[in-house]
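Student: got a sequence here, can you build the structure:
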Amino acid sequence: MATTVMHGRRRGQTKDAKPPAGHLQSGPPAPGLMLPDGTDLRQVTVISKDDWNRIHRNLNRKQIEEERIKKIKDEKEMIRSHSKDMVKNWTNTIAGQRQKKLEARAIREAKEEEERVQIDIEEAKFQAAKRKDAIEKAKTQQYYQTDRVKGFHGALMLTEVLKEREAQIELKHLKEQASDGKDQEWLAKAHREYEEGIKQDQRKAVIRYQEKRDNASFQQAQVHEHIKTNITAEVDDRKEGEELKKLAIQYEIEKKRLEDIRRNEVIVNMAENMKQMEDVKKMRDIQKEQEEEEDEECRIFAAAKRKMVKLRAEKEKQLHREKQQRLEKIRDRLGAQMKQKVDDEDDRIRRAVEESEGKFAKEDAAKNAKTHKMLAEIAVHRNYQLRQAEEREIEERAKELEMLRVRREADAVFQGNEEEKVQRRFQEAKNLQGFHQAQGGERSQKEVAARQEQLAQDKKNMELLAVEEQQFQEYASKVIGHCEKGGRNVYPLRKAAREGAGGGLGPIFEGKGGIRPSYMVSDQSGVQMPNYQRETTNETKRSIYGNGRTDKRLGFVWQLQKRV
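Tutor: Reported below is the predicted structural model:
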């Protein structure tokens, strides 16, 4: 068997190509024609290196082109970077000069930034000092706004007022000593001024009298002019009243004539209405006879009957309106004919009445025919409605039975749901009880913690109150010492600077922050009890309670009896 090895590009074979003689289509290959991986060397195509490179280039054309372009770009970038490295340190170029200016600018900005940072640091220190001063000032002002300090400052103001009062009293004594002997001059001057005032008042009185007299004469002339005007107006009113009276008489005559015309029209309309009422009464009698002829089953269909009555009433109204319109037309025609020819009035009225009566007779015949037709239709409709009512009753009975069955099933389901709800509510109540117990324990722990926190806060408050009391006493001591050196009366200051806040007259409570409360008397006045703390009071306390400190009261309550 010969092996065919093709070099270069393989050419396709036609479908009719037959294998050469002696060529086997199947069978095991000869030894040495199989590779270890099972490739048959007879099916391998051997190509040259140029063909392989060409095929490789065709397959990887895009990738090769991209690598070529990238290589060109890398070479250009390398050349550009090498050029930049060569010229970046040159100072005689535009770029070098620009770089040098940028570096100088960066150094200058860095220095300016350092200076600004230093200025900001100094400004921050200055602002911090200002804030500190403002805080101290605010604390001082807030301290001055406390009740105790305000009371002390009030006492200081009272001290200054007392000092000013003493100075004013002394100045008054000095003025009195200096003004001795000048009272006579002031008295003579006051007497002269008094006499001059009296003369001036007399001159003013004369001027006022003259003005009053002129005013009276002007008012009298004005009164006479008003009287003349009133007389003229009265004469004009009398003439106008006579003219109105004549017009009123003429109006009454015209009104009476119009009432006569209206009365005649009312009489004619009344006659027409009476005739119409008689026609309506006859119609009702006919309807009543027809209703009596109907059997008892018509009551079931009262709605249809009411509808018929409603239609009949509407028809009667329509007939009445038509009749009124015809009467109006007849009245208009008669009026026109009366104007044309008064002598033939009775003949024309009779012919008009005969025409209207003939028309009314035709209309009554048509109405009776229509009524009989309507009664026949009502009878047919009544029978049809009876059959429909029986069918509906059977259907409603079946629906009621089905509804009863559904309701029974729904009641059974509802009972089961209610039992489940009872069990669920019982479990929820049990869980809620446990939650309430846990919540009660948690609340107790919170109350204990809150109480401890309150005690700690009270302790801190006591310490702060002690510090505040010390500061106040130091401030008060300095102010009292300064006022004593200035010769002021320092009793109000010492009274305001007593230990214990509150402004009361009672003893100091050490356990309550050193406050000094006020006490009220037990009578109806409700005023504050005075403080008569003297050595005799201390002796009485020592004789009753001993030398030890006590919080008990003596129990004395002074009451004033009312005078009858």
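Student: does anything pack onto the lengthiest helix in the chain? Which helices or strands?
Tutor: Longest among the helix segments of the chain by residue count, using DSSP state H, is helix 345-485. Counting contacts by 3 or more CB pairs under 8 Å, 6 or more residues apart in numbering; DSSP states H and E, helix 345-485 is packed against helix 147-178, helix 302-340, helix 491-496. In this view, the C-beta of every residue, glycine as well, is placed from N, C-alpha and C.
Student: most tightly packed of those helices?
Tutor: helix 491-496 (a mean of 16; mean count of other CB atoms under 10 Å).
Student: quick one: average pLDDT of that one?
Tutor: Average pLDDT, helix 491-496: 81.
Student: using PDB, write out every CA atom in it.
Tutor: What follows is helix 491-496, C-alpha atoms only, in PDB (Å, rounded to 0.1, in the frame of the first residue of the first chain):
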ATOM      1  CA  TYR A 491     -26.200  98.200 108.100                       C
ATOM      2  CA  PRO A 492     -28.300  97.300 105.000                       C
ATOM      3  CA  LEU A 493     -25.300  95.600 103.500                       C
ATOM      4  CA  ARG A 494     -24.700  93.500 106.600                       C
ATOM      5  CA  LYS A 495     -28.400  92.600 106.800                       C
ATOM      6  CA  ALA A 496     -28.400  91.500 103.100                       C
END
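Student: ok, residues contacting it?
Tutor: By CB atoms under 8 Å, 6 or more residues apart in numbering, the list of residues contacting helix 491-496 from outside reads 151-152, 154-156, 158-159, 162, 476, 479-480, 483.
Student: switch to 10 Å and redo it
Tutor: With contact meaning CB atoms under 10 Å, 6 or more residues apart in numbering, helix 491-496 is reached by 148-159, 161-162, 476-477, 479-480, 483-484, 503.
Student: looking at the helix or strand containing Lys84 now, give me its mean pLDDT.
Tutor: Per DSSP states H and E: Lys84 is located in helix 61-87. If you average the pLDDT over helix 61-87, you get 86.
Student: roughly how far does Glu328 sit from Arg350?
Tutor: Glu328 sits 19 Å away from Arg350, going by CB to CB, to the nearest Å.
Student: where does the stretch 251-400 of the chain have low pLDDT?
Tutor: 290-291, 293-305, 335, 337-349 (pLDDT under 70).
Student: now with 80?
Tutor: Low-confidence segments of the stretch 251-400 of the chain (pLDDT under 80): 272, 284-310, 312-313, 315, 319-321, 323-358, 360-361.
Student: against Lys275, how distant is Arg263?
Tutor: For Arg263, the distance to Lys275 equals 19 Å [CB to CB].
Student: and if you look at Arg61?
Tutor: 122 Å.
Student: do Tyr475 as well
Tutor: Distance from Tyr475 to Lys275, counting by CB to CB: 119 Å.
Student: what does Glu265 give?
Tutor: Remark: distance between Glu265 and Lys275 (CB to CB) = 16 Å.
Student: what packs against whatever helix or strand Asp285 lives in?
Tutor: Using DSSP H and E, the element containing Asp285 is helix 183-293. Contact here means 3 or more CB pairs under 10 Å, 6 or more residues apart in numbering; DSSP states H and E; on that basis helix 183-293 packs against helix 302-340, helix 345-485.
Student: do that again at 8 Å, thanks
Tutor: Contacts defined by 3+ CB pairs under 8 Å, 6+ apart place helix 183-293 against helix 302-340.
Student: quick one: work out the angle between the helix it packs on and helix 183-293.
Tutor: On the basis of axes from the mean of the first three to the mean of the last three CA atoms, to 10 degrees, helix 302-340 is oriented at 100 degrees to helix 183-293.
Student: helices or strands up against helix 302-340?
Tutor: The helices and strands touching helix 302-340, judged by 3+ CB pairs under 8 Å, 6+ apart, are helix 183-293, helix 345-485.
Student: okay, the angle between the shortest one and helix 345-485?
Tutor: What it means is helix 183-293. Computed by the same axes, to 10 degrees, the angle separating helix 183-293 from helix 345-485 equals 140 degrees.
Student: number of residues surrounding Val490?
Tutor: Residues near Val490, counting by other CB atoms under 10 Å, number 20.
Student: now swap in Ala190 and tell me
Tutor: 9.
Student: okay, it: pLDDT?
Tutor: 80.
Student: tell me who's in contact with Pro36.
Tutor: Applying CB under 8 Å, 6+ apart, we find Pro36 in contact with no residue.
Student: who are the contact partners of Lys88?
Tutor: 95-96, 99.
Student: with Ile72 instead?
Tutor: Going by CB under 8 Å, 6+ apart, Ile72 touches no other residue.
Student: Ala497 too?
Tutor: Residues in contact with Ala497, defined by CB under 8 Å, 6+ apart, are 152, 155, 472-473, 476-477, 480.
Student: what's the closest of the residues you listed to Glu136?
Tutor: The nearest member of these to Glu136, counting by CB to CB, is Phe472 at 17.3 Å.
Student: from Gln473, how far off is the nearest residue to the closest one once chain neighbours are set aside?
Tutor: Excluding the flanking residues, the one nearest Phe472 by CB to CB, 6 or more residues apart in numbering is Arg148, at 6.3 Å. Using CB to CB, one obtains 11 Å as the distance from Arg148 to Gln473.
Student: just want the phi and psi numbers for Asn89.
Tutor: Dihedral angles of Asn89 (phi, psi; degrees, to the nearest 10) stand at phi -100, psi 10.
Student: now it. Nearest residue, chain neighbours left out?
Tutor: Nearest residue to Asn89, sequence neighbours excluded (CB to CB, 6+ apart): Gly96, at 7.5 Å.
Student: quick check: that neighbour touching Met86?
Tutor: No. Using CB atoms under 8 Å, Gly96 is not in contact with Met86, being 11.7 Å away.
Student: show me which of those two is the more surrounded one.
Tutor: Using other CB under 10 Å as the criterion, Gly96 and Met86 rank with Gly96 on top: 14 against 9.
Student: that one: which element?
Tutor: In this assignment (DSSP H and E), Gly96 forms part of helix 94-144.
Student: please name every helix or strand in contact with that helix.
Tutor: Counting by 3+ CB pairs under 8 Å, 6+ apart, helix 94-144 packs on helix 147-178.
Student: distance from the chain centre to the helix it packs on, please.
Tutor: Between the centre of helix 147-178 and the centre of its host chain there is 59 Å, according to CA atoms, centre = their mean, to the nearest Å.
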